[in-house]
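**Student:** Generate a structure from the sequence data that follows.
(chains A and B)
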Amino acid sequence: MIIIETQRLNFFYGNFHALKDITISISEKSITALIGPSGCGKSTFLKALNRMTDLIEGTKISGHILINRENVLDGKTDLVSLRKKVGMVFQRPNPFPLSVRENILFGPKIHQIVKPNEYESLIENSLRAVLLWNDLKDRLDANALKLSLEQQQRLCIARLLPVKPDVLLMDEPCSTLDPISTERIEELMRVLKENYTIIIVTHNMQQAARVSDDTGFMLLGELIEFGKTPNIFTNPRHQKTNDYVTGRFG
Amino acid sequence: MKPNPYRTERIAFTLLLISTVVIILPVFFIVFIIIQKGFSAISWEFLTSIPKMGMREGGIFPAIVGTLYLVLGTLIFALPLGVFSAIYLTEYAQDNLLTRLIKLAIINLAGVPSVVYGLFGLGIFVIFLKLGASILAGSLTLGVMVLPIIITTSKEALDSVPKSFREVSLSLGVSKWQTIRYSVLPHALPGILTGIILAISRAAGETAPILFTVAAFYLPKLPHSVFDQAMALPYHLYVISTQVPNVEVKIRYGTALVLMMIVLSLNLAAIILRSQFRKRKKW
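**Tutor:** Residues are numbered from 1 along each chain as shown, chains lettered A, B, ... in the order given. Below you'll find the predicted structure:
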């Protein structure tokens, strides 16, 4: 089942053409990796999907982004429900300077989607889903900034879950983590794939090869090639993809 | 000659230390002299009775009450208006030439001499809006005067909240206002309170803005409504220091001491509140 589809998506920062005619179909409950050199537009593409690009002034977007068959570039799109459905994990772990508990309850409290007597079980379920419960069950009132970077990033993922997203966008989620923490986050992604569609932007080609089902290679705002991850890495159709994945540039 | 790092270090340190001492000493002496000369005037009667004998005897109760009313009135007008417009300017207004001009104008307004605000208040509130010389007109005038302080400090406090807090919140499907309410304002509150502290001190201490808009030379009764005139400490101090002959020194310094203590205790309350909020701010 296709959950996200873009058709001829174009994006401009002022006069800079950041995304050129991106057409892509992403299937449900899979991990899609976007790779490419810095400035190729992969983060921009990710942020366009939940309209976080709206926060930047002087930008222009055209084309279609269909999520669950609804065009989210429609003027009528309700950004609140779009962003609830399409959650985002940022490059730097960015928990609020509040307790672990308050970080997880931040979304549900504002959206009033759970009753106060369900808070405790919600916290437990969210932390279990990111394999953090055993580490943190006695430290729920600790300030989230006291946790290790890896735990912070897991907490940031856990914070998304109570809002019940279908899609998790991850913008280089491991770039500030050491190799062992990176491996554990990748393991977590494989677990989360059971219930969520994950799109990950990464600089790390090994990571894309290890963790993803599909891979897209972007260059200078264009989607050069998109396909099954093993094909992209072992048998790319385009010369440029081949050059990039074999490390000839990038 | 090669610069000797040890000598330049000593010179720099001495210069910095002297500058600090030079600015601390006057403050220390002001406080010391006021307490030394004014403390003997402080008594229950001085604080709670009205001035008598052409203000040469009796107390300063109406002026204390007047000043408290004026501070309260100023905050009622300036606080919500200032904080809300700071939120608008930081969070909602687009960053264009007009916004930048407005921000520049607000910063410059903070430097306008207070007597100009006094004349402005006289023109607008007392005469044009026909409020007369009254607590209302005085509070509004003081409010206009402290608005730039509140807006500027609130804006800085809001700007210092990391952008990522807003991004995370919005990415969780939280609306813009909810984002401001729950993930920006709580973290900006300590800074906003700093602005309020400055505003209180300014409103309680200024003479010129209240001169034409509210302050009574001598009014031996308490105001009944916001449309009444009132005495106020800074103006009373000015009057008994320059306009009324033969006022005892200790009464003049006692009045100054009371004014200082009122400002200090109002500030102290705000500072305690601020430190409560600061405990939560850890990034």
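
**Student:** can you pull the contacts of the closest residue to chain A within the stretch 151-283 of chain B?
**Tutor:** Chain A sits closest to residue B:173 of the stretch 151-283 of chain B, with a gap of 3.5 Å, by C-beta to the nearest C-beta. The C-beta positions use only the backbone N, C-alpha and C, and glycine is treated the same way. Counting by C-beta atoms under 8 Å, 6 or more residues apart in numbering or on different chains, residue B:173 touches A:79-85, A:107, A:111, A:163.

**Student:** out of these, who's near chain B?
**Tutor:** A:79-85, A:107, A:111, A:163 (C-beta under 8 Å from any C-beta of the partner chain).

**Student:** what number of residues lie near residue 138?
**Tutor:** Using chain A. Look at residue A:138: counted by other C-beta atoms under 10 Å in any protein chain shown, it has 8 neighbours.

**Student:** Can you look at chain B instead?
**Tutor:** Here the count is done by other C-beta under 10 Å, and residue B:138 has 33 residues near it.

**Student:** now the host helix or strand of it: how far from the chain's centre is it?
**Tutor:** Using DSSP states H and E, residue B:138 sits in helix B:135-159. Computed by C-alpha atoms, centre = their mean, to the nearest Å, the chain-centroid distance of helix B:135-159 equals 9 Å.

**Student:** now the helices for the chain?
**Tutor:** Because you didn't say which chain, this covers chain A. Along chain A, counting by DSSP state H, helices occupy A:42-49, A:79-85, A:100-111, A:119-129, A:133-136, A:149-160, A:179-192, A:205-211, A:229-234, A:239-245.

**Student:** That was the other one, I meant chain B.
**Tutor:** Shown for chain B, the helices assigned by DSSP H span residues B:5-38, B:44-48, B:61-87, B:97-109, B:114-121, B:135-159, B:163-171, B:176-179, B:185-205, B:208-211, B:233-238, B:249-278.

**Student:** Format those helices as JSON lines; extra columns: distance to chain A and mean pLDDT.
**Tutor:** Output for the helices of chain B, formatted as JSON lines (distance: least, C-beta to the nearest C-beta, whole Å; pLDDT from 0 to 100):
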{"stretch": "helix B:5-38", "distance to chain A": "32", "mean pLDDT": "93"}
{"stretch": "helix B:44-48", "distance to chain A": "44", "mean pLDDT": "86"}
{"stretch": "helix B:61-87", "distance to chain A": "17", "mean pLDDT": "93"}
{"stretch": "helix B:97-109", "distance to chain A": "11", "mean pLDDT": "92"}
{"stretch": "helix B:114-121", "distance to chain A": "35", "mean pLDDT": "94"}
{"stretch": "helix B:135-159", "distance to chain A": "15", "mean pLDDT": "94"}
{"stretch": "helix B:163-171", "distance to chain A": "4", "mean pLDDT": "92"}
{"stretch": "helix B:176-179", "distance to chain A": "5", "mean pLDDT": "93"}
{"stretch": "helix B:185-205", "distance to chain A": "8", "mean pLDDT": "89"}
{"stretch": "helix B:208-211", "distance to chain A": "39", "mean pLDDT": "90"}
{"stretch": "helix B:233-238", "distance to chain A": "41", "mean pLDDT": "91"}
{"stretch": "helix B:249-278", "distance to chain A": "12", "mean pLDDT": "88"}
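
**Student:** Look through chain A and state the residue closest to chain B.
**Tutor:** Taking C-beta to the nearest C-beta, chain A has residue A:84 as its residue nearest chain B, at 3.5 Å.

**Student:** Excluding covalently adjacent residues, which one is nearest to residue 223?
**Tutor:** By default, I'm working from chain A. Setting aside the residues directly before and after it, residue A:223 is nearest to residue A:22 in space (C-beta to C-beta, 6 or more residues apart in numbering or on different chains), at 5.0 Å.

**Student:** sorry, should have said chain B
**Tutor:** Leaving aside its sequence neighbours, residue B:223 sits nearest to residue B:230 (C-beta to C-beta, 6+ apart; 4.5 Å).

**Student:** residues touching the one you found, list them.
**Tutor:** Shown in contact with residue B:230 (C-beta under 8 Å, 6+ apart): B:62, B:65-66, B:69-70, B:135, B:138, B:214-216, B:219, B:223.

**Student:** Over to residue A:53?
**Tutor:** Residue A:53 neighbours (C-beta under 8 Å, 6+ apart): A:11, A:44, A:47, A:59, A:61.

**Student:** pLDDT below threshold where in chain A?
**Tutor:** Within chain A, the segments meeting pLDDT under 70 span A:250.

**Student:** Next, name the residue at the spatial heart of it.
**Tutor:** residue A:169 (1.6 Å; C-alpha atoms, centre = their mean).

**Student:** so what's the backbone phi/psi at residue A:173?
**Tutor:** phi -70, psi -20 (degrees, to the nearest 10).

**Student:** what about the closest residue to it other than its chain neighbours, how many neighbours?
**Tutor:** Excluding its sequence neighbours, the residue lying closest to residue A:173 (C-beta to C-beta, 6+ apart) is residue A:89, at 4.9 Å. Using other C-beta under 10 Å, residue A:89 is surrounded by 23 other residues.

**Student:** which residue packs closest to residue B:156, ignoring adjacent ones?
**Tutor:** Closest to residue B:156 by C-beta to C-beta, 6+ apart is residue B:191, at 6.2 Å.

**Student:** Enumerate every residue touching that neighbour.
**Tutor:** Per C-beta under 8 Å, 6+ apart, neighbours of residue B:191: B:153-154, B:156-158, B:160.

**Student:** Let's see that with 10 Å instead.
**Tutor:** Counting by C-beta atoms under 10 Å, 6 or more residues apart in numbering or on different chains, residue B:191 touches B:153-161, B:274, B:277-278, B:281.

**Student:** likewise residue A:83?
**Tutor:** By C-beta under 10 Å, 6+ apart, the contact set of residue A:83 is A:50-52, A:72, A:163, A:165, B:169-175.

**Student:** Apply 8 Å and report the result again.
**Tutor:** Contacts of residue A:83 by C-beta under 8 Å, 6+ apart are A:50-52, B:170-173.
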